[in-house]
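> based on what follows, work out the 3D shape:
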Amino acid sequence: MNSEYSQDPLEWFRAWHEESGTDAVALATASADGAPSVRMVLLKGADESGFLFFTSYESRKGRELAENPRAALLFHWPGRQVRIEGLVERVTPEESDTYWADRPRLSQVSATVSRQSETLESREELEARFAEREEVPGELARPEHWGGFRLVPESYEFWTHQENRLHDRRRFERRYDGWTSELLSP
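Below is the predicted model of the structure:
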């Protein structure tokens with residue numbers, strides 16, 4: 001398996017992510033009673049502190065992460081995938097404000113009017129709230145219910161397709177003194 005990479009799983013991830021050209025990632029959460037849920041989100045950062053994404057704290061994923069702050073990410077690209085599991089924490093309000101300020105205005109308008117994951121009476125109701133908010137001049141303040149989460153990895157698993165179905169799999173697990181690495185049977 002890709003011996004050109006170090007024993008640092010973040011370095012492996014960065015190399016694969018750069019080659020992929022996409023920031024889409026599946027985020028799996030679970031409620032307090034263990035009911036799973038998965039959806040696509042956009043990765044907004046990956047560094048030594050973790051993997052960053054933004055959403056409404058009142059959305060289903062936000063509520064599930066408040067109840068059960070463990071999650072998994074799955075990046076899937078042709079012939080490769082990376083699974084990352086760990087604890088999730090909210091980012092600081094300052095980090096959320098910084099990202100909010102860089103968002104396009106229409107994205108800000110959407111975030112201020114959407115009651116993400118809640119039932120709508122009609123599409124027209126949502127579009128009317130959007131049109132009303134879009135008319136308000138000036139900067140839009142970040143809503144209190146919207147911000148970032150950071151998944152702090154406890155494990156990574158890298159998978160590479162092989163035509164003979166003997167796929168390459170390597171798992172990294174965080175230990176007190178760094179990362180351990182082991183090959184897994186396909």
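> run through the bridge partners of residue 46.
residue 51 (DSSP bridges).
> state the pLDDT value of it.
We have a pLDDT of 97 for residue 46.
> how about residue 130, what does it touch?
109, 110, 113 (CB atoms under 8 Å, 6 or more residues apart in numbering). In short, each C-beta sits where N, CA and C put it, glycine included.
> report the separation between it and residue 120.
Using CB to CB, to the nearest Å, residue 130 is found at 12 Å from residue 120.
> show me where the protein has its strands.
Applying DSSP state E to the chain gives strands spanning 24-30, 36-42, 45-47, 50-56, 70-77, 80-90, 146-160, 168-175, 178-184.
> columns distance to residue 18 and mean neighbour count on top of those strands, output as CSV?
What follows is these, written out as CSV (distance: least, CB to CB, whole Å; neighbours: other CB atoms under 10 Å):
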stretch, distance to residue 18, mean neighbour count
strand 24-30, 15, 18
strand 36-42, 16, 13
strand 45-47, 11, 16
strand 50-56, 15, 21
strand 70-77, 11, 18
strand 80-90, 12, 18
strand 146-160, 15, 20
strand 168-175, 18, 16
strand 178-184, 20, 12
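> in TSV: those strands, plus distance to residue 14.
Formatted as TSV, the strands of the chain follow (distance: least, CB to CB, whole Å):
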stretch	distance to residue 14
strand 24-30	14
strand 36-42	17
strand 45-47	7
strand 50-56	11
strand 70-77	12
strand 80-90	11
strand 146-160	12
strand 168-175	14
strand 178-184	14
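> which one is residue 143 nearest to, not counting chain neighbours?
Spatially, and ignoring its direct neighbours in sequence, residue 143 is nearest to residue 112 (5.5 Å; CB to CB, 6 or more residues apart in numbering).
> pLDDT at residue 3, what is it?
At residue 3, pLDDT is 48.
> OK, contacts around residue 23?
Residues in contact with residue 23 (CB under 8 Å, 6+ apart) are 42, 43, 44.
> tally of neighbours for residue 165?
Residue neighbour count, defined by other CB atoms under 10 Å, stands at 7 for residue 165.
> so what's the closest residue to it other than its chain neighbours up against?
Of all residues not flanking residue 165 in the chain, residue 186 sits nearest, at 6.8 Å (CB to CB, 6+ apart). Contacts for residue 186 (CB under 8 Å, 6+ apart) come out as 162, 165, 166, 167, 168, 169.
> excluding its backbone neighbours, what's nearest the third one?
The one in question is residue 166. With sequence-adjacent residues excluded and distances taken as CB to CB, 6+ apart, residue 166 is closest to residue 186, at 5.5 Å.
> likewise for the fourth one?
Counting by CB to CB, 6+ apart, residue 186 is the residue found nearest to residue 167 once chain neighbours are left out, at 4.2 Å.
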